[in-house]
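# After the sequence you'll find the predicted model.
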Number of protein chains: 2
Amino acid sequence: MLQGKVLVAQGGGPTAVINHSLAGVVLEARKIPAVTNVYGAIHGVRGIVDEDLVDLTQETAENLDRVGDTPCSGLGSTRDKPDEKYCGEIFKVLQAHDIGTFLYIGGNDSSDTARIVGEFAAKSNYNLRCVHVPKTIDNDLVINDHTPGFPSAAKFVASAFAGANLDNRALPGVYIAVVMGRHAGFLTGAAAGYRKYEDDGPHLIYLPERTFKLDQFIADVKATSDRFGRCIVAVSEGVHDESGQPIIAQLAAEVERDAHGNVQLSGTGALGDLLSDHIKSHTDIKRVRADTFGYLQRSFLGVASDVDRREAREVGAKAIQFAHFLDRNGSVTIHRIGHYAVDYRFNDLSDIAAKTKVMPDEFINPEANNVTGQFMRYLRPLLGTETPDFARLREVSVPKILNK
Amino acid sequence: MLQGKVLVAQGGGPTAVINHSLAGVVLEARKIPAVTNVYGAIHGVRGIVDEDLVDLTQETAENLDRVGDTPCSGLGSTRDKPDEKYCGEIFKVLQAHDIGTFLYIGGNDSSDTARIVGEFAAKSNYNLRCVHVPKTIDNDLVINDHTPGFPSAAKFVASAFAGANLDNRALPGVYIAVVMGRHAGFLTGAAAGYRKYEDDGPHLIYLPERTFKLDQFIADVKATSDRFGRCIVAVSEGVHDESGQPIIAQLAAEVERDAHGNVQLSGTGALGDLLSDHIKSHTDIKRVRADTFGYLQRSFLGVASDVDRREAREVGAKAIQFAHFLDRNGSVTIHRIGHYAVDYRFNDLSDIAAKTKVMPDEFINPEANNVTGQFMRYLRPLLGTETPDFARLREVSVPKILNK
């Protein structure tokens, strides 16, 4: 039974729908008569320790709906990953403000924070419910079929590649784009989301779940260019060699050897640029371009999956319901039923905390350079019902006269 | 009076709405009884010389509408900039196929091509109408109030910065994004398109119309960070020093001096990365991130201004109407009347060809680090009527207990 004060915070990288989870928490909590206040922490756990709290009970439902539709953590976020001592500080503030329920919207680190704070409360015989509400664009939370935030980021990446494919068809060459996700390749795989015609790119997709081999990469790009006269490549920022060393380091070392110079490694554009140069120096392909999608993937205004919006709202509401009716700590998880619907369950915080899910084998082709039809079936409903479409001219050739 | 065969081609960089101009040309031409065929050239002037033509008379209006809504030159494009000899080759093919009207959708280079081909026809006493249909994301065609393609690219850039602003508010620091447009700053200025609250970024906008000074840049970033605790910067890829030397070259030279190394200049991410490093080494700001929007600006699927779609369609239709009723060569131009409507006029090809429009002084603030209210009034209607919105929580503070 929820009662008294509820505190909600947002952690880690923003997503396009994280504020729907916030709105879900606040609006659902306010339906429970014994709940007196819903507080929000400014900039996540940092705001709790600093007692930088706002009273969301005084927000209108109308504004909460509009904030829900606004990308990026409306309460502010933090990169702080609390250790035991930090969690102790959090607990002290919760205790001082007489908080009965603490909800943390975030990835697996946030789940772990909720777990440790819950343990502090238990040790102190303080009655506190700690609940983790899932979000991450990387889609790497275990147990979950997928995580709120991922579908909208996936829609952005799919739309970007669909556009780049049309651009590349108009002005052929090799196009590489680097996608977020250091360990899990789901978001990079989403590059294939809106492929339609047989020759549509991305033609090659390199995921962090597999070893990246530079010679195989060059052979793949050559074969695709020979076949289609062009080639679009999606590559995860996390691609690495057999030893786990990032490919960017290997490429940089090569350039250094060649030029006796130094190469910028820290910059966001470096991997794409180095892969471009590698293609230019190892093939006779002249037009090679690279983009790095960067922060646009998680924050772009106006591109969200409607399915993602709905589910993000619902995990927030379910977090309150589970805490209220089951009266224990836990993490809300999303499970797929049918094709396509979802159900929500309540798991132990320790089942989610500090674990990482990666792409299963059946989502990756044997050549390790593309996704499978199974992945497409997994991905498509997540992208939502408002699908941007594109069409081609049906080219009826005019007989040549001069060059017969 | 239009009669016989019409040939249409698309040149230069793709835009989100260039196919609406194509659809406008084809559908309007097919309304004229004496027009027997509408041909399209595959990959622009290159396709004309190669006689790589398709018969668009056999396209359905339904599919042309759908292709219109598809970003990036549906006929394919080319970077070829024809000289006199090349234009002579074009003319030979037009003559062989008995083309009566040639329309080229493109920037000022395309206008010049139409002009030269028209001169070949006149010299040969061959009856040919040559018409230029405007498009460019850079918005740099003279006489035109704006150019089809720019409003949609501007909407992408405005949406990207609005999202980046929310992201940066959630996790404060310095964020830089590099925007296309080597000589004209309109697209970089569009970064301000969706600013709403007083502290919304981009806080600083650097345009190629003004000299970029690294020490002023550092001072601007510091002042903004001190004021708002964060700073968002929009910078044109074309920023340069007093002598016209690109800033990227200056920064690269500095790094080389410091590290006795070489720096990648060709890569798309280099300018943003170098500016980031410059801030880190010249201030005590720790969190600095840079993105380069790259090809997404002109090709992203699903972000187009409805005003741009409508006008791109109309310039195509007007090109046919002007050629038909005025019976002379020319370039269609867009003129703003009221706030907001447009009218179209027909100008001499030589008035558009090989000239470049840049931002007028009244669109740039005296400090050369932002756009003015006049620019905002110019820009807003172009972004279209479907405006993505965002909202903030109205933060009611909870009194502190422990840290009173």
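Nice, thanks for sending it over. Since this is a predicted model, take the numbers as computed values, not measurements. Numbers count the residues shown, from 1 in each chain, chains lettered A, B, ... in the order given.
# So is stretch A:129-138 next to chain B?
No. Using CB under 8 Å from any CB of the partner chain, stretch A:129-138 stays clear of chain B, coming no nearer than 11.6 Å. All C-beta atoms are positioned from the backbone trio N, CA, C, and that covers glycine.
# Look at that stretch and report the distance between its end residues.
End-to-end span of stretch A:129-138 (CA to CA, to the nearest Å): 27 Å.
# So residue A:313 belongs to a helix, correct?
Yes. Checked against DSSP: H, G, I helix; E, B strand; the rest coil, residue A:313 lies within a helix.
# number of nearby residues for it?
The local packing of residue A:313 (other CB atoms under 10 Å in any protein chain shown) involves 23 other residues.
# ok, now which ones touch it?
A:17, A:20-21, A:23-24, A:68 (CB atoms under 8 Å, 6 or more residues apart in numbering or on different chains).
# mind redoing it with 10 Å?
A:17, A:19-25, A:27-28, A:65, A:68, A:148 (CB atoms under 10 Å, 6 or more residues apart in numbering or on different chains).
# right, and the secondary structure at residue A:249 would be what?
Applying three-state DSSP: residue A:249 is helix.
# SS state for residue A:208?
Once three-state DSSP is applied, residue A:208 turns out coil.
# Kindly provide the distance from it to chain B.
20 Å (CB to the nearest CB, to the nearest Å).
# contacting residues around the residue nearest to that residue when sequence neighbours are not counted?
Nearest non-adjacent residue to residue A:208, counting by CB to CB, 6 or more residues apart in numbering or on different chains: residue A:238, 3.5 Å away. Residue A:238 sits next to A:138, A:178-185, A:188, A:206-209, A:212, A:246-248, A:271 when contact means CB under 10 Å, 6+ apart.
# please redo it, this time with the cut-off set to 6 Å
With contacts defined as CB atoms under 6 Å, 6 or more residues apart in numbering or on different chains, residue A:238 is in contact with A:182-183, A:208.
# what's the answer for residue A:177, then?
If a contact means CB under 6 Å, 6+ apart, then residue A:177 has residue A:291 as its contacts.
# Check the average confidence over the one helix or strand it maps to, would you?
Per DSSP states H and E, residue A:177 falls inside strand A:174-179. Average pLDDT, strand A:174-179: 96.
# Pairing partners for it, with directions?
strand A:231-236 (parallel), strand A:288-292 (parallel) (DSSP bridges).
# which SS class is the residue nearest to residue A:208?
coil.
# Model confidence at residue A:267, what's the number?
So residue A:267 comes in at 47 (pLDDT).
# Could you do residue A:346 as well?
Residue A:346 is given a pLDDT of 98.
# a strand runs through it, doesn't it?
Yes. Read with three-state DSSP, residue A:346 is one of the residues of a strand.
# coming back round to it: which one of the contacts of residue A:313 sits in the busiest neighbourhood?
Busiest of the contacts of residue A:313 [other CB under 10 Å] is residue A:148, holding 35 neighbours.
# Without its sequence neighbours, what residue ends up closest to that residue?
Per CB to CB, 6+ apart, closest to residue A:148 is residue A:312, 3.9 Å.
# ok, that neighbour to chain B distance?
15 Å.
# Contact partners for that residue?
Residue A:312 touches A:17, A:20-21, A:148, counting by CB under 6 Å, 6+ apart.
# do residue A:119 as well
Counting by CB under 6 Å, 6+ apart, residue A:119 has no contacts.
# Which helix or strand lies directly C-terminal to the host helix or strand of it?
For residue A:119, the element it lies in under DSSP H and E is helix A:108-123. Using DSSP H and E, the helix or strand that follows helix A:108-123 towards the C-terminus is strand A:129-134.
# between that following strand and helix A:108-123, how big is the angle?
Here strand A:129-134 points in a direction 170 degrees away from that of helix A:108-123 (axes from the mean of the first three to the mean of the last three CA atoms, to 10 degrees).
# which secondary structure elements does strand A:129-134 contact?
strand A:99-106, helix A:108-123, helix A:306-326 (3 or more CB pairs under 6 Å, 6 or more residues apart in numbering or on different chains; DSSP states H and E).
# how distant is the last one from the center of its chain?
Spelled out, it's helix A:306-326. Its chain's C-alpha centre and that of helix A:306-326 lie 18 Å apart, by CA atoms, centre = their mean, to the nearest Å.
# Residue A:136 versus residue A:337, what's the distance?
Residue A:337 sits 22 Å away from residue A:136, going by CB to CB, to the nearest Å.
# More neighbours: which of those two?
Comparing residue A:337 with residue A:136 by other CB under 10 Å, the one with more neighbours is residue A:136, at 29 against 9.
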